[in-house]
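**Student:** 3D, please:
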Amino acid sequence: QVQLLESGGGLVQAGGSLRLSCAASGRTFSSYAMGWFRQAPGKERAFVAAISWSGASIYYADSVKGRFTLSRDNAKNTVFLQMNSLKPEDTAVYYCAAHAGTARRLQYEYDYWGQGTQVTVSS
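**Tutor:** Predicted structure coming up:
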């Protein structure tokens with residue numbers, strides 16, 4: 001079992017930055033690929049980024065590539081999503097998720113989910 005807790009969301013002006021964290025419980029965190037997804041009001045949850053268990057492979061949605069940076073610290077059981085140059089269209093609830101395998105873009109492949117953290121970007 002892996003429990004995930006996101007933090008770092010909030011309200012920011014367009015062009016600003018936020019750093020989301022996802023803290024995981026469990027001794028096997030380092031064996032899980034981690035992903036971030038987001039759900040905007042009235043829209044389906046969508047892939048944002050994913051990172052392999054070692055951090056060697058990282059994938060981004062085209063909409064965030066070049067602005068968001070995903071990293072992990074296995075010693076701290078935490079994954080980080082640095083979000084720069086934020087846009088109003090980045091407004092959403094952001095979820096982290098864990099997958100017992102390689103990094104994936106498809107949410108149904110993830111085994112564990114956090115409760116989400118709200119990110120609001122004002123124009």
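**Student:** residue 68 and residue 51, how far apart?
**Tutor:** Per Cβ to Cβ, to the nearest Å, residue 68 is found 11 Å from residue 51. In this view, the C-beta of every residue, glycine as well, is placed from N, C-alpha and C.
**Student:** how about residue 19?
**Tutor:** 15 Å.
**Student:** now swap in residue 14 and tell me
**Tutor:** The gap separating residue 14 from residue 51 is 26 Å, by Cβ to Cβ.
**Student:** please say which of these two ends up with more neighbours.
**Tutor:** The residue with more neighbours, out of residue 14 and residue 51, is residue 51; 23 against 13, by other Cβ atoms under 10 Å.
**Student:** can you name the residues bridging to the more buried one?
**Tutor:** residue 34, residue 58 (DSSP bridges).
**Student:** then residue 47?
**Tutor:** Bridge pairing for residue 47 (DSSP bridges) gives the partners residue 37.
**Student:** quick one: the strands in this protein, in order.
**Tutor:** Assigned by DSSP state E, the strands in the chain fall at 4-7, 10-13, 18-24, 33-39, 46-51, 58-60, 68-73, 78-83, 92-99, 112-113, 117-122.
**Student:** so which of these is nearest residue 106?
**Tutor:** Evaluated with Cβ to Cβ, the strands of the chain place strand 46-51 nearest to residue 106, the distance being 7.4 Å.
**Student:** quick one: residue 89 and residue 57, what's the gap?
**Tutor:** From residue 89 over to residue 57 the distance is 26 Å, taken as Cβ to Cβ.
**Student:** swap in residue 85?
**Tutor:** Residue 85 is 24 Å from residue 57, where distance means Cβ to Cβ.
**Student:** return the residues in contact with the nearest residue to residue 3 once chain neighbours are set aside.
**Tutor:** Among residues not flanking residue 3 along the chain, residue 25 sits closest, at 4.3 Å (Cβ to Cβ, 6 or more residues apart in numbering). Going by Cβ atoms under 8 Å, 6 or more residues apart in numbering, residue 25 touches 1-4, 77.
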